[in-house]
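I would like the atomic coordinates for the input below:
(chains A and B)
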Amino acid sequence: MEIEDNYLYTKEHEWVSIEDNMATMGISDYAQEALGDVTYVELPQEEEEVEQFEQFVSVESVKAASDIYAPMGGKVTEVNRKLEETPALINKDCYGKGWIAKIEVRDMDESTNLMSAEEYRSYLESLET
Amino acid sequence: MSVETSLHHTPLADEHIALGAKMVGFGGWFMPLQYESILAEWEYNRQTVSIFDCSHMGEFIIKGDAAQCGLDSILIQPVTDMPLKTCRYGAMLNDAGGVVDDLIVYRKAAQEWMIVVNAANIEKNARHFRASLNANAHFEDVSFKTAKLDLQGPQSRDVLKAWVRDIEKLTYYTFDQFQLSGIPCLISRTGYTGELGYEIYCPWEKCKEIWKTILNNATVKPTGLGVRDVLRMEMCYSLYGHELEENISPLEAGLDKFIDGQKDFIGRQALLAHRPERRIGFFVSASRKSPRAGHKIFDGENQEIGIVTSGTFSPALQLGIGIGFMRTPLKGAGSKIFFGDDKNKAAATVAQRPFYKNGSLKA
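As a prediction, this is how the structure comes out:
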């Protein structure tokens, strides 16, 4: 199970990478493996305002649909349009080319509600027991 | 992976685990959902050849004259005129005309029949047969003695030819007895994928040996129930529990052509008395977004007109596909409809079956 050391994580298996006040997010390796082949991504609208942990993306795999939640609150500034043609990017490169959206962060303090890579690793281990 | 010990196991449960399959409970059985990615398994089945463990399905042997022993009055499909070594798809109904199960009947001899049924309905079906056959019939449930492997894909015939004499003579919906490494098997040219394929019925305790021998041919890949569901949906084949149920008539479900209009059978009176108010329909999503069982179906004026019974992403079309019941009169192919719920609707177009038209089924 891959985990990027520099990212922060949510209990719902989203990852976020924050630079200045821009947060790039996607879903973790654990999530993409649990989902299976991603067949469709319902991306949010650009300019959309989201709250931390609010559902704002929907991802479909062959067998089911899953809600994805915003790891940080703010304004969606960019979405990964490549996912419209090639949703499989989420399976192939979930931390890189499979990024889902960029959010202009409203309140940096919200990052304290997220887990570090270490904490996420422990969290995943606790799920297996 | 959680193991449910109350589930039945096929002879291959350990094999699936050893191959790394994701296991699930299905119809009371512990079955492989997938071994690798569903999309990869789909492509391999449509282009090459896959093997499925279908040992969970049920098999009954009925001996007797079909007309005299009651069998002909139980099945909706014509039976008495079946040539030996042929099989026919059909169903059996309850008194209200609803489907007890869909099934295939094999005529092994003038007075010997094998009925193949869905795993989830084995016990119910056995009770139905025992209650409906008369004293001239001999009924035996051989489900736990009979394993089944489905070998499906354009290369399935080539795989078997190397091993089974005369397999290439088997025409669609016929069967025969063959020896596989000295093991007596019944092999029919039938399947649930829309590709050229065979169903191999063998003794329960010999199943593992046949499975392993077939997989020694590296061309063959093990394939799970996950992709089996996608393949059958692309062909618009019904699945009991979705398109067929005790409260769904074969007319609603589009099984009209399988019904013998000349004979009486359980449920016939109810069918004659009942004009369907809903019928099965098929539709293609306008995008990759897929319908799911339970989604509502709406017409262009936001009126609710039906419900989705099965839905998935179709790798063949690269679009979502759906099967469902819609109010009669049915909208024609090309009509615009919507699927989803009251808040979220996605566009789709009514289509004719099957969604996938390039199968090797009749090759």
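
would you mind listing what in the stretch 201-350 of chain B touches chain A?
Selection of the stretch 201-350 of chain B residues close to chain A by CB under 8 Å from any CB of the partner chain yields B:226, B:230, B:287-290, B:292, B:312-313, B:320. All C-beta atoms are positioned from the backbone trio N, CA, C, and that covers glycine.

among those residues, name the ones in strands.
Cross-referencing these against strands under DSSP state E gives B:312-313, B:320.

pLDDT weak spots in chain B?
B:1-5 (pLDDT under 70).

domains in it, by residue range?
Using automatic domain parsing, the domain ranges for chain B come out as B:8-56+B:145-234, B:58-141, B:277-351.

find the closest residue to chain A in the stretch 51-200 of chain B.
Closest contact between the stretch 51-200 of chain B and chain A, by CB to the nearest CB, is at residue B:193 (15.5 Å).

residues contacting that residue?
B:45, B:50, B:150, B:152-153, B:228, B:231-232, B:235, B:359 (CB atoms under 8 Å, 6 or more residues apart in numbering or on different chains).

list the buried residues for the helix or strand hosting residue B:348?
Element membership for residue B:348, per DSSP states H and E: strand B:345-351. For strand B:345-351, the neighbour count (16 or more other CB atoms under 10 Å in any protein chain shown) marks B:345-346, B:348, B:350-351 as buried.

likewise for stretch A:28-46?
For stretch A:28-46, using 16+ other CB under 10 Å, the buried residues are A:28-32, A:35-44.

what do you get for stretch B:236-256?
B:236-240, B:242-244, B:248-255.

do the same with stretch B:315-327
Buried residues in stretch B:315-327, defined by neighbour count with 16+ other CB under 10 Å: B:315-316, B:319-327.

with distance to residue B:129 and secondary structure added, can I get these in a markdown table?
Shown next, in a markdown table, are those (distance: CB to CB, whole Å; DSSP: H, G, I helix; E, B strand; the rest coil):
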| residue | distance to residue B:129 | secondary structure |
| --- | --- | --- |
| B:315 | 38 | coil |
| B:316 | 37 | coil |
| B:319 | 41 | strand |
| B:320 | 39 | strand |
| B:321 | 35 | strand |
| B:322 | 34 | strand |
| B:323 | 28 | strand |
| B:324 | 31 | strand |
| B:325 | 28 | strand |
| B:326 | 33 | strand |
| B:327 | 35 | strand |
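
closest one to residue A:111 out of these, please.
residue B:320 (36.7 Å; CB to CB).

residues touching residue 83, list them.
This is for chain A. A:41, A:43, A:89-90, A:98, A:100.

um, chain B though
Contacts of residue B:83 by CB under 8 Å, 6+ apart are residue B:107.

next one: phi and psi at it?
phi -60, psi 160 (degrees, to the nearest 10).

per-residue confidence for the residue nearest to residue A:81 when sequence neighbours are not counted?
With sequence-adjacent residues excluded and distances taken as CB to CB, 6 or more residues apart in numbering or on different chains, residue A:81 is closest to residue A:43, at 7.7 Å. pLDDT for residue A:43: 97.

how about residue A:43, phi and psi?
phi -80, psi 150.

next one: it relative to chain B, how far apart?
Separation of residue A:43 from chain B (CB to the nearest CB, to the nearest Å) stands at 12 Å.

my guess is that residue meets residue A:79, correct?
Yes. Residue A:43 is within contact range of residue A:79, at 4.3 Å (criterion: CB atoms under 8 Å).

which residues are common contacts for these two?
In contact with both residue A:43 and residue A:79: A:100-101, using CB under 8 Å, 6+ apart.

around chain B, pick out the residues from chain A.
A:36-37, A:39-40, A:42, A:60, A:62-65, A:87-88, A:91.

which one of these is nearest to residue B:9?
For the residues of chain A next to chain B, the nearest to residue B:9 is residue A:63 (22.7 Å; CB to CB).

show me the contacts for the nearest residue to residue B:201 once chain neighbours are set aside.
Nearest-residue entry for residue B:201: residue B:186, 4.3 Å, with adjacent residues in sequence omitted and distances by CB to CB, 6+ apart. Listed by CB under 8 Å, 6+ apart, the contact set of residue B:186 reads B:106, B:108, B:114, B:175-178, B:200-202.

enumerate the residues of the stretch 1-150 of chain B near chain A.
So far as CB under 8 Å from any CB goes, the stretch 1-150 of chain B lies against chain A at B:34, B:37-39.

re the thing from before, need the residues of chain A next to chain B in a markdown table (columns: distance to residue B:132 and secondary structure).
Formatted as a markdown table, the residues of chain A next to chain B follow (distance: CB to CB, whole Å; three-state DSSP):
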| residue | distance to residue B:132 | secondary structure |
| --- | --- | --- |
| A:36 | 42 | coil |
| A:37 | 44 | coil |
| A:39 | 44 | strand |
| A:40 | 46 | strand |
| A:42 | 49 | strand |
| A:60 | 43 | strand |
| A:62 | 39 | coil |
| A:63 | 37 | coil |
| A:64 | 39 | coil |
| A:65 | 42 | strand |
| A:87 | 50 | coil |
| A:88 | 50 | coil |
| A:91 | 50 | helix |
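
excluding chain neighbours, what is closest to residue 29?
No chain specified, so I'll use chain A. residue A:2 (4.2 Å).

actually chain B
Residue B:29 sits nearest to residue B:56 (CB to CB, 6+ apart), 3.9 Å away.

mind checking which of the contacts of residue B:193 are buried?
B:45, B:50, B:150, B:152-153, B:228, B:231-232, B:235, B:359.

the helices in the stretch 101-250 of chain B, which residues?
B:122-132, B:156-161, B:207-215, B:225-234 (DSSP state H, counting those that start in this stretch).

rewinding a little: let me know the closest of the buried residues of stretch A:28-46 to residue B:304.
residue A:42 (22.2 Å).

the closest residue in space to the closest one that isn't next to it in sequence: what's it in contact with?
Excluding the flanking residues, the one nearest residue A:42 by CB to CB, 6+ apart is residue A:58, at 4.0 Å. Residue A:58 is in contact with A:41-42, A:65-68, counting by CB under 8 Å, 6+ apart.
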